[in-house]
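**Q** when you get a sec, could you give me coordinates for this:
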Amino acid sequence: MKRLLVLLALVIPGVVFSQVIETNDALFLKSPSNKTLEIEPGGTGELRINLIGTTARLPISNPAAGTAATTVATGGTVDTTLFWQRIINAGAASTGVILEAGVNHGQLVLVSADKDSFGSFTMAAEATSNVCSGTAGVLAIGGGALFIWDATDTCWAEVVN
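**A** The predicted model follows:
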C-alpha cells in the first residue's frame with residue numbers, strides 16, 4: 001500500500017497529504033486544506049479512488065495465472081466485468097462477437113486473443129456488439145485491444161490495437 005501512496009502522490013500535483021488514516025477497509029489521506037484522497041475496495045474486483053468529490057472506479061480483478069481462455073464462438077459475448085479477458089475460438093474464426101455493455105463511464109477492458117486460437121475475432125455491428133467501430137473491430141490471433149466504455153455513446157471505444 002505504501003508504494004501505491006508514493007505513486008498517487010506523484011500523479012496529484014499541488015496536493016500535499018499531511019495525515020494518513022488506515023482502516024481495515026480503506027486508506028484516507030488528508031491535506032492541510034481538507035482535501036481528501038480515499039482509497040477503498042469498491043466491491044468485487046474494483047478499487048475506488050475518491051479525490052475531492054470525484055470518484056474513479058478501477059477494475060482490478062483478472063483471471064488467475066493458468067486460467068483457461070474463455071471460448072467465444074460466432075455471435076458469442078465477451079464478459080467485461082474483469083479488466084482482462086483472454087479469449088479463444090474452437091475450430092474457426094469467430095464473427096459477430098459482442099462485448100458486454102460497460103457499467104461505468106471510463107471503464108476499461110483488455111481483450112486478448114489466445115495464441116492457440118483458430119482464427120480472428122470480428123465484432124458484430126455497433127448496435128449489437130457495443131463496440132463503436134462495429135465490424136471494423138478485428139482481433140488477430142495473439143493480438144489484443146484495450147477498450148474504454150463511453151457511457152455517452154453507449155459503446156466501447158478501442159484505445160489500443
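
**Q** pLDDT at residue 138, what is it?
**A** Looking at residue 138, its pLDDT reads 93.

**Q** separation between it and residue 106?
**A** 24 Å (C-beta to C-beta, to the nearest Å). Quick note: C-beta positions are derived from backbone N, CA and C, even for glycine.

**Q** so which of the two has more stuff around it?
**A** Shown here are residue 138 and residue 106; by other C-beta atoms under 10 Å, residue 138 has more neighbours (17 against 12).

**Q** for this protein, which segments count as strands?
**A** Applying DSSP state E to the chain gives strands spanning 19-22, 27-30, 36-41, 46-51, 54-59, 70-71, 77-78, 84-88, 94-99, 108-113, 121-123, 138-139, 144-150, 155-160.

**Q** gap between the two ends of stretch 103-110?
**A** Length of stretch 103-110, first residue to last, C-alpha to C-alpha, to the nearest Å: 15 Å.

**Q** run through who's touching that stretch.
**A** Residues outside stretch 103-110 that contact it (C-beta atoms under 8 Å, 6 or more residues apart in numbering) are 56-57, 59, 78, 80-85, 99, 102, 144-152, 156, 159.

**Q** repeat that for stretch 128-136.
**A** Taking C-beta under 8 Å, 6+ apart as the rule, stretch 128-136 contacts 96-102, 122-126, 137, 147, 150, 153-158.

**Q** that older thread, just the buried members of the contacts of stretch 103-110?
**A** Burial by neighbour count, 16 or more other C-beta atoms under 10 Å: within the contacts of stretch 103-110 this picks out 57, 59, 78, 80, 82-83, 85, 99, 102, 144-149, 156.

**Q** which of the residues you listed scores worst on pLDDT?
**A** Confidence-wise, residue 59 trails the rest of the buried ones among the contacts of stretch 103-110, at 57.

**Q** where does pLDDT dip in the protein?
**A** Residues of the chain meeting the criterion pLDDT under 70: 1-66, 160-161.

**Q** mind doing that once more with 80?
**A** 1-68, 82-84, 90, 160-161 (pLDDT under 80).

**Q** bridged to the closest residue in space to residue 158 that isn't next to it in sequence, which residues?
**A** Leaving out its chain neighbours, the residue that sits closest to residue 158 by C-beta to C-beta, 6 or more residues apart in numbering is residue 145, at 5.2 Å. Assessed by DSSP bridges, residue 145 has beta-bridge partners residue 111.
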